[in-house]
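Peer 1: give me a 3D structure for the following:
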Amino acid sequence: MQEAKVVVVTGAGSGLGAAIADTFAGQGATVVRGDIRYEGERDSRLFLDLDVADSTSWEDFASSVERRFGAISVLVNNAGVSIRTDLLRTSDEKWDQIIRTNLWAPWKGIKVFSPQLQQTNGTVINVGSIYGETVPPMTGELPASVAYQVSKAGLHRLTKVAAVELATMGIRVNAVMPGVFRTPLLEDLPDSEARLRIAGAPMNRAGQVQELAAAVAFLASNESSFVTGALLPVDGGYLAAS
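Peer 2: Residues are numbered from 1 along each chain as shown. A predicted model of the protein is given here:
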């Protein structure tokens, strides 16, 4: 249970982020959803604008959260973007956008919220990806999204470094590595590509967003109190088989 905890989830306007935020809320936590886009109704008390690629936005967001809800106990760095271009055709601008959103932003989030997390012996959960550890199927039908893969690999390393450096402050830092999930991103893939990625997992199915949210909630709970620096695959065995 996450009772009496204040939880921040970035990129919580839709998809995996929304499912993670809903799971914490269902466990009794006060959940602050930070995003610049929202699907459905917006509760102005619990949805706060956050542009994760902007330094001032992060600082204003952290101050606003503490002022309105007190020190947070959990930070979930979920916000992320991707672009389907290969190494040679990725523009400088797109490379910078992906790296800043997927890697710089979690670093900035940890930095600005660490004083609050220290007060609560809090925890950080970064949402990485199996494709930070392995390359997607190379079929020729779809580019490799090299910037996305590099950003997630960097996020996994950031998780481990932060876990070591912040342990003496009482802050735990872990990451989940989602496999293939039923999100709009999967629906955008060509059918043949989606089937190939799903078949890469021994369980031979896509994950449900609630399954990832449950893993995140575990890493935020007291049941994982001796777990830090972990990269938890939630992928139906994809990495084990790759």
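
Peer 1: list the contacts of Thr10.
Peer 2: By C-beta atoms under 8 Å, 6 or more residues apart in numbering, the contact list for Thr10 reads 17, 34-35, 50, 52, 76-79, 105, 109. For glycine as for every other residue, the C-beta is placed from the backbone atoms N, C-alpha and C.

Peer 1: what does Gln149 give?
Peer 2: Gln149 makes contact with 129, 131-132, 135-136, according to C-beta under 8 Å, 6+ apart.

Peer 1: 10 Å - rerun?
Peer 2: Contacts for Gln149 were tallied using C-beta atoms under 10 Å, 6 or more residues apart in numbering; they are 82, 87, 98, 102, 129-136.

Peer 1: pLDDT, distance to His156 and secondary structure added to these, as JSON lines?
Peer 2: Formatted as JSON lines, the contacts of Gln149 follow (pLDDT from 0 to 100; distance: C-beta to C-beta, whole Å; DSSP: H, G, I helix; E, B strand; the rest coil):
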{"residue": "Ser82", "pLDDT": "87", "distance to His156": "16", "secondary structure": "coil"}
{"residue": "Leu87", "pLDDT": "88", "distance to His156": "20", "secondary structure": "coil"}
{"residue": "Ile98", "pLDDT": "96", "distance to His156": "15", "secondary structure": "helix"}
{"residue": "Asn102", "pLDDT": "98", "distance to His156": "11", "secondary structure": "helix"}
{"residue": "Ser129", "pLDDT": "96", "distance to His156": "9", "secondary structure": "coil"}
{"residue": "Ile130", "pLDDT": "96", "distance to His156": "10", "secondary structure": "helix"}
{"residue": "Tyr131", "pLDDT": "94", "distance to His156": "11", "secondary structure": "helix"}
{"residue": "Gly132", "pLDDT": "96", "distance to His156": "5", "secondary structure": "helix"}
{"residue": "Glu133", "pLDDT": "96", "distance to His156": "7", "secondary structure": "coil"}
{"residue": "Thr134", "pLDDT": "93", "distance to His156": "12", "secondary structure": "coil"}
{"residue": "Val135", "pLDDT": "88", "distance to His156": "15", "secondary structure": "coil"}
{"residue": "Pro136", "pLDDT": "82", "distance to His156": "16", "secondary structure": "coil"}
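
Peer 1: what about stretch 161-181, distance to the chain center?
Peer 2: Its chain's average C-alpha position is 11 Å from that of stretch 161-181, according to C-alpha atoms, centre = their mean, to the nearest Å.

Peer 1: tell me which residues in that stretch are buried?
Peer 2: Residues 162-163, 166, 171-181 are the ones in stretch 161-181 that count as buried (16 or more other C-beta atoms under 10 Å).

Peer 1: returning to that earlier point: and of the contacts of Gln149, the nearest to Leu196?
Peer 2: Checking the contacts of Gln149 against Leu196 with C-beta to C-beta, the nearest one is Pro136 at 8.9 Å.

Peer 1: can you tell me how far the closest one is from Lys152?
Peer 2: As judged by C-beta to C-beta, to the nearest Å, Pro136 and Lys152 stand 11 Å apart.

Peer 1: overlap of the contact sets of those two?
Peer 2: Jointly contacting Pro136 and Lys152 under the rule C-beta under 10 Å, 6+ apart are 129-130, 145.
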